[in-house]
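Colleague: Predicted model and sequence follow; I will ask about them next.
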Amino acid sequence: MTTIRDVAKRARVSVTAVSYALNNTGTISEETRQRVLKAASELNYYPNAFARHLKKRKTLTLGVFITSFGGQFYEEILEGIHQTVLNTEYELIVCPQARSLRKMLTQRQVDGAIIFDYKVKSDILLKLVSPSFPIVVMDRFLEHECILPLLLDNAQGVREAFDHLYAQGFRRMAFIAGAVDSLDNTERRQTFLEQAAAQGLSVPVYQGNFTRLSGYDIGRIMIRGGDLPEAVFCANDQMAIGFIEVMKEAGLRAPQDVAVVGFDDILIARYMQPSLSTVGASRQEWGAAAATQLIQFLEEGKPFKHVRIPTHLIVRESSRRVEKNTPTG
């Protein structure tokens with residue numbers, strides 16, 4: 001096996017000079033650096049990454065703990081993280097198992113973590129985090145100088161959605177909520193109800209769980225009750241899709257009978273019949289921002305910058321009011 005001493009001998013320099021050249025450190029001439037690199041190439045010598053990492057007390061690896069690999073939502077976030085890391089020395093370990101987090105830290109397998117998994121308990125994160133192990137959370141708010149809560153601007157998108165419905169004359173509205181332990185759901189519900197209250201409206205809340213089935217079941221309850229609202233805002237697209245599905249089965253249409261707006265802008269939303277109005281954000285930019293800030297913290301000691309990822313309303317067919325034809329005499 002070729003060693004660093006073999007490279008030094010071939011390049012006719014010291015072992016220290018080889019180390020400087022290969023790690024781009026120290027003060028050596030460009031001529032010496034090129035001679036070392038040429039010798040290393042001729043000998044097919046590659047530095048021992050594990051040993052280098054031990055010396056630096058870094059793994060140059062980031063851990064990403066995410067609820068699911070499937071679906072456009074998570075795929076786009078991961079793509080944003082991946083594209084950012086490609087431009088650095090860092091590598092990624094992506095893991096759907098929350099229990100692996102403590103193991104990876106205690107064994108020093110990762111230098112920092114990006115968390116988008118409700119199964120990872122907040123108290124665990126607060127015990128593990130430190131200046132040498134920073135964490136970005138994308139699904140909750142935690143206060144710690146070494147934790148960055150990088151969250152969507154839920155309020156902005158929901159305000160736009162409410163204003164869109166209100167401006168079209170809808171006054172009897174309902175809110176279909178997602179999981180009760182979700183920060184996103186809490187913020188979306190609170191904002192929508194505040195906007196309604198400011199206009200003197202009382203909005204009933206129906207408890208779902210972010211699944212298509214829960215939106216379907218809530219829609220069926222409304223239809224059977226015979227007191228449908230004019231418009232429904234759903235805390236995510238899956239529930240909105242389920243709601244529209246049960247409407248179709250009952251011979252009802254969106255927006256003619258009930259206008260529907262979701263949240264997330266998943267891929268199917270634009271291809272549905274009717275196409276689904278929704279609140280969207282750039283998930284690739286979200287993932288990229290998480291990776292960028294985490295790497296800057298690790299490499300430069302740059303403090304986390306608390307920002308919200310912008311959201312915006314995307315108006316499609318399901319909420320654009322259609323004027324009913326009136327008979328002419």
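Modeller: Sure thing, it's come through. Numbers count the residues shown, from 1 in each chain.

Colleague: what sits against Ser122?
Modeller: If you count contacts by Cβ atoms under 8 Å, 6 or more residues apart in numbering, Ser122 has them with 140, 142. Just so you know, the C-beta spots here come from the backbone N, C-alpha and C atoms, and that holds for glycine as well.

Colleague: I'd guessed Phe233 sits against Asp163; true?
Modeller: No. In this structure, Phe233 is not within contact of Asp163 by Cβ atoms under 8 Å, at 11.6 Å.

Colleague: Which one of those two is surrounded by more residues?
Modeller: Ranked by neighbour count (other Cβ atoms under 10 Å), Phe233 and Asp163 place Phe233 first, with 30 against 13.

Colleague: Please report how far that one lies from Gly219.
Modeller: Distance, Phe233 to Gly219, by Cβ to Cβ, to the nearest Å: 13 Å.

Colleague: and what of Leu267?
Modeller: 22 Å.

Colleague: Then Phe243?
Modeller: 4 Å.

Colleague: which non-adjacent residue is nearest Leu213?
Modeller: Of all residues not flanking Leu213 in the chain, Gly242 sits nearest, at 6.0 Å (Cβ to Cβ, 6 or more residues apart in numbering).

Colleague: That neighbour belongs to a helix?
Modeller: Yes. According to DSSP: H, G, I helix; E, B strand; the rest coil, Gly242 belongs to a helix.

Colleague: Tell me the pLDDT of it.
Modeller: pLDDT for Gly242: 98.

Colleague: Hmm, it is touching Arg220, no?
Modeller: No. Contact criterion Cβ under 8 Å: Gly242 and Arg220 do not qualify, at 9.5 Å.

Colleague: okay, these two: which has more neighbours?
Modeller: Gly242 (23 against 17).

Colleague: Report the contact partners of the more buried one.
Modeller: Contacts of Gly242 (Cβ under 8 Å, 6+ apart): 211-219.

Colleague: Now intersect those with the helices, please.
Modeller: 212-219 (DSSP state H).

Colleague: Any chance of a ChimeraX selection covering the buried ones in those?
Modeller: Here is the ChimeraX command that selects the buried residues among those (16 or more other Cβ atoms under 10 Å):
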select :212,214,215,216,217,218,219
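
Colleague: Quick one: the ones in helices among the contacts of Gly242 as a markdown table, columns for distance to Leu183 and pLDDT too.
Modeller: Conversion of the ones in helices among the contacts of Gly242 to a markdown table gives the following (distance: Cβ to Cβ, whole Å; pLDDT from 0 to 100):
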| residue | distance to Leu183 | pLDDT |
| --- | --- | --- |
| Arg212 | 22 | 95 |
| Leu213 | 23 | 97 |
| Ser214 | 18 | 97 |
| Gly215 | 20 | 97 |
| Tyr216 | 25 | 98 |
| Asp217 | 24 | 97 |
| Ile218 | 21 | 98 |
| Gly219 | 25 | 97 |
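
Colleague: how far out from the middle of the chain is whichever strand or helix holds Glu285?
Modeller: Assigned by DSSP states H and E, Glu285 belongs to helix 283-300. Relative to its chain's centre, helix 283-300 lies at 12 Å (Cα atoms, centre = their mean, to the nearest Å).

Colleague: now stretch 193-205
Modeller: Going by Cα atoms, centre = their mean, where stretch 193-205 is centred and where its chain is centred differ by 29 Å.

Colleague: which outside residues touch that stretch?
Modeller: Taking Cβ under 8 Å, 6+ apart as the rule, stretch 193-205 contacts 158-159, 162-163, 166, 171, 173-177, 189, 192, 229.

Colleague: Over to stretch 138-145?
Modeller: 77, 114-118, 122, 125-126, 129, 149-151, 182-184, 286, 290, 303-304.

Colleague: Please report phi then psi for the most centrally placed residue in the chain.
Modeller: Closest to where the C-alpha atoms of the chain average out (Cα atoms, centre = their mean) is Ile77, at 5.0 Å. Phi and psi for Ile77, reported as degrees, to the nearest 10, are phi -60, psi -50.
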